[in-house]
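>>> would you be able to build a 3D model of this:
(one chain, ligands or ions: 2)
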Amino acid sequence: MSLQQYREKQVSAEEAVKIVKSGDWVDYGICLGQPIAADQALAARAGELSGVQVRGMVSMRLPAICAIPEPEKHFTWNTWHCTGVDREILRKGCGYFSPMRYSELPRFYRENITKIDAAIFQVAPMDDQGYFNFGPQGSHMKAVCDRAENIIVEVNENMPRCVGDEHAIHVSRVKYVVQGENPVLPEVKGAEPSPVDRRVAELIIDDIPNGACLQLGIGDMPAAVGALIAETDLRDLGVHTELYTDVFAELSLQGKVTGSKKSIDRFRQVYTFALGTQKLYDFMHDNPELLCRPADYTNDVQKVAQLDNFISINNAVEIDLFGQVSSESSGVRHISGTGGQLDFVTGAYLSRGGKSFICLSSTYGKNGSAKSRIVPTLPVGSIVTAPRSCTHWVVTEFGKVNLKGLSTWERAEALISIAHPDFQEELIQQAEQMNIWRNSNRI
Ligand SMILES: CC(=O)SCCNC(=O)CCNC(=O)[C@H](O)C(C)(C)COP(=O)(O)OP(=O)(O)OC[C@H]1O[C@@H](n2cnc3c(N)ncnc32)[C@H](O)[C@@H]1OP(=O)(O)O
Ligand SMILES: CCCC(=O)O
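Numbering: from 1, shown residues only. Ligands and ions are numbered 1, 2, ... in the order given. This is a model prediction of the structure:
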């Protein structure tokens, strides 16, 4: 029965994308799941189309619809979270960022977004029951499918089949099946941790107890913490994260992750999307220890709070002397997105024994042009990702400070104490001018 439906619905990519009309809203899913064959076919129709709005996020390949001449005349890319690829699209003037807190994204689709004319995304091959697995993309995919007028799945035999809930679409709900060309999945290999990354990681490791539940954010520093955990004797760790990476797979293979101390999803590693190497994708395929769940589960502050000793580690671009964390832009230049940072900063603090760490190198830029990442005030236009009322621990290579409960002057003093020594005097003077700190406060 399912096989018959499959055969009836299988068409070429060119045929499938004929359902897209000018002015339509099309959803491309997320990251590894964004379409390729159907995207190329849609790009080839550019001459007949205008005002097509496409949503996607965490792009690993430049969508073909953005690679044509003057793409903005035909398509607009709307991204929920930027990688370097999305930044390039924004820079070319072919797209916009759409703000979101990741835990809310599925609900945006269920309650706020009015139009999804077509959802087009890659999936794993159909199983015997007629389901196409989303692969390592839980995120908001079920919500997209619940609301989309038409669904086109592009089958990729290299897409790992990931164990999860709300994690597959049945062939009966699909309009067209496109057999893709089975491209290998994009790989991201973590950089070797720099001495600064390593020092920050060492400072955080001291606060991770056996049995802690981990969330590691995007960026080199959270990855460095993971790499350093691999060198410790820490045991019985749990994983409840948004992004699943090679670091977690490595810790699992070492036997450091058991999940035995988790109060929910005991023995399971929970995540909502993944990105890494082929080794990671092989590890994830049909692995019952892993559980891919939608972002309104993984990032739900109350779920995070239920997990004792929750340790959340996220990167930032800059922090001001009030403790406002900016992780997604530099002035008006958009870099990434809020993603799950605010969800995890809030949830980790509410967890019994939990801690949220915002980590950043003390400076940005090379030698002579180095600038402090700890700044008196954020540059005009910079977006606050975590407000000062939520910031918990902040870590640089010069130390770590807990801002909870501190007055304005105590915060300024604490943050200046972990700034690069070359910038401390200047920051003190600026704090004094801003009337948030007096030298006489110094003990
Ligand atoms: C999946 C999860 O992460 S779970 C929840 C956590 N989510 C978040 O924390 C979301 C927000 N955080 C982030 O996006 C990242 O952690 C970042 C951007 C802060 C750091 O990520 P990294 O990969 O280490 O950043 P990287 O060093 O590659 O810099 C990214 C860009 O920001 C720019 N940048 C970084 N710091 C600065 C700065 N102080 N001033 C100006 N630009 C800066 C870089 O130049 C680079 O831009 P380019 O590639 O276009 O040249
Ligand atoms: C998709 C969101 C990624 C992040 O939280 O950084």
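
>>> check contacts around the nearest residue to residue 380 once chain neighbours are set aside.
Nearest non-adjacent residue to residue 380, counting by CB to CB, 6 or more residues apart in numbering: residue 331, 6.2 Å away. Any C-beta I mention is one placed from the backbone N, CA and C, and that applies to glycine too. Applying CB atoms under 8 Å, 6 or more residues apart in numbering to residue 331 gives the contacts 379-382.

>>> redo that, cut-off 10 Å
Shown in contact with residue 331 (CB atoms under 10 Å, 6 or more residues apart in numbering): 318, 378-383.

>>> and the residue of the chain found nearest ligand 2, how many residues sit next to it?
Distances between the chain and ligand 2 by CB to the nearest ligand atom are smallest at residue 339, namely 1.9 Å. Counted with other CB atoms under 10 Å, the neighbours of residue 339 add up to 27.

>>> summarise which helices and strands the helix or strand where residue 152 lies is packed against.
Using DSSP states H and E, residue 152 sits in strand 150-155. Applying 3 or more CB pairs under 10 Å, 6 or more residues apart in numbering; DSSP states H and E, we find strand 150-155 packed against helix 2-9, helix 13-16, strand 25-27, helix 37-44, strand 118-123, strand 131-133, helix 141-147, strand 176-179.

>>> just these: most buried one?
With neighbours taken as mean count of other CB atoms under 10 Å, these reach their highest mean count in strand 118-123, at a mean of 28.

>>> only C-alpha atoms, please: export it in CSV.
Extracted in CSV, the C-alpha atoms of strand 118-123 (Å, rounded to 0.1, in the frame of the first residue of the first chain):
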residue,chain,number,x,y,z
ALA,A,118,5.0,24.2,0.1
ALA,A,119,7.5,22.4,2.3
ILE,A,120,10.4,21.0,0.4
PHE,A,121,13.2,19.1,2.3
GLN,A,122,15.5,16.1,2.3
VAL,A,123,14.6,12.9,4.2
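
>>> residue 108 belongs to a helix?
Yes - per DSSP: H, G, I helix; E, B strand; the rest coil, residue 108 lies within a helix segment.

>>> those strands in the stretch 251-400 of the chain, which residues are they?
For the stretch 251-400 of the chain, applying DSSP state E, counting those that start in this stretch gives strands covering 269-271, 273-274, 290-292, 310-315, 318-320, 325-326, 329-330, 333-334, 355-359, 363-364, 371-372, 374-375, 393-396, 399-402.

>>> check whether the first one contacts ligand 2.
No - using CB under 6 Å from any ligand atom, no contact is recorded between strand 269-271 and ligand 2, whose separation bottoms out at 11.5 Å.

>>> any idea how far that strand is from the middle of the chain?
Relative to its chain's centre, strand 269-271 lies at 14 Å (CA atoms, centre = their mean, to the nearest Å).

>>> what's that strand packed up against?
strand 213-216, strand 238-239, strand 243-244, helix 246-253, strand 290-292, helix 295-298.

>>> likewise for the last one?
Using 3+ CB pairs under 10 Å, 6+ apart as the contact criterion, the elements in contact with strand 399-402 are helix 195-205, strand 355-359, strand 393-396, helix 408-417.

>>> in it, what counts as buried?
Neighbour-count burial for strand 399-402, counted by 16 or more other CB atoms under 10 Å, picks out 400-401.

>>> what count of nearby residues applies to residue 305?
17.

>>> give me the pLDDT value at it.
pLDDT for residue 305: 98.

>>> try the one 4 residues further on
The predicted local confidence for residue 309 comes out at a pLDDT of 98.

>>> run a quick neighbour tally on residue 72.
Neighbours around residue 72, by other CB under 10 Å: 13.

>>> which SS state does it fall under?
helix.

>>> if we can go back for a sec, alpha carbons of the strand holding residue 152, as CSV, please.
Extracted in CSV, the C-alpha atoms of strand 150-155 (Å, rounded to 0.1, in the frame of the first residue of the first chain):
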residue,chain,number,x,y,z
ASN,A,150,2.0,20.7,-0.1
ILE,A,151,4.9,18.6,1.0
ILE,A,152,7.7,17.5,-1.4
VAL,A,153,10.3,15.1,0.1
GLU,A,154,13.6,14.6,-1.5
VAL,A,155,15.0,11.2,-0.6
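
>>> so what touches the helix or strand that comes right after that strand?
With elements assigned by DSSP H and E, the helix or strand that comes after strand 150-155 is strand 168-170. Strand 168-170 is contacted from outside by 2, 5, 119, 121, 123-124, 126-127, 129-135, 141-142, 144-146, 148, 151, 153, 161-162, using CB under 10 Å, 6+ apart.

>>> just checking: what are the partner strands of strand 168-170?
strand 131-133 (antiparallel) (DSSP bridges).
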